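*Asks:* Sequence plus the predicted model coming up.
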Amino acid sequence: MDQETGSSPEANKGGKNYFVLIGIIAVAVVVIAVGAFFFLNTSNNSSPATTSNETQTTEETSDSVIDISFVCKGGENINAEFDNADRTVSLILPDGEEMILKKTPSESGDRFANKDGSFVFWNKGNEATYDVDGETVYSDCIAQ
């Protein structure tokens, strides 16, 4: 028996084991929570870019060709044919001009451009814009 505390060394040893067990459980909970966080974020990033409420545009995993007609501010129509296998979009602009643009890196949505970047077609969800030499020519285009 310990003279100062009035308890035996065996009783103190049991208290230390209790705190060690609590510490191990706390570490395990943190590890599981961090693992779940990374798993959920990784699985969310691999989902398609569009939701069921949005018009289907380009999906990285699809080899299909998707035709979409966009009506822009002012009533102009842009017809777009997305070829996911070639990573291109074929456009027919309101003035009848036709062009094929290649998919290029973008931080948000899909960006298609010619080699020098003077013609750019942006598409995100069911919206699109068309720029020439950095100026927006057709804006607020909505997929129909």
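*Replies:* Everything's here; your move. These numbers were taken from a predicted model, which means no experiment stands behind them.
*Asks:* now the closest residue to Lys73 other than its chain neighbours: how far from Asp86?
*Replies:* Sequence neighbours aside, Asp140 is the residue nearest to Lys73 in space, at 4.0 Å (criterion: C-beta to C-beta, 6 or more residues apart in numbering). For every residue, glycine as well, the C-beta is placed using N, CA and C. Relative to Asp86, Asp140 is positioned 28 Å away (C-beta to C-beta, to the nearest Å).
*Asks:* returning to what we had before: just the element for the residue nearest to Lys73, please.
*Replies:* strand 135-143 (DSSP states H and E).
*Asks:* Only alpha carbons, please: show that strand as PDB.
*Replies:* Provided in PDB are the C-alpha atoms of strand 135-143 (Å, rounded to 0.1, in the frame of the first residue of the first chain):
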ATOM      1  CA  GLU A 135     -13.600  38.900 -76.700                       C
ATOM      2  CA  THR A 136     -16.900  37.100 -76.000                       C
ATOM      3  CA  VAL A 137     -18.900  37.000 -79.200                       C
ATOM      4  CA  TYR A 138     -21.800  34.700 -78.000                       C
ATOM      5  CA  SER A 139     -22.700  34.600 -74.400                       C
ATOM      6  CA  ASP A 140     -25.300  33.100 -72.000                       C
ATOM      7  CA  CYS A 141     -25.800  30.200 -74.400                       C
ATOM      8  CA  ILE A 142     -28.100  27.600 -72.900                       C
ATOM      9  CA  ALA A 143     -28.400  24.000 -74.100                       C
END
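*Asks:* counting contacts, what elements does that strand pack onto?
*Replies:* On a contact count with 3 or more C-beta pairs under 8 Å, 6 or more residues apart in numbering; DSSP states H and E, strand 135-143 meets strand 65-71, strand 127-132.
*Asks:* Can you check what angle separates that strand from strand 127-132?
*Replies:* 160 degrees (axes from the mean of the first three to the mean of the last three C-alpha atoms, to 10 degrees).
*Asks:* All set now, cheers.
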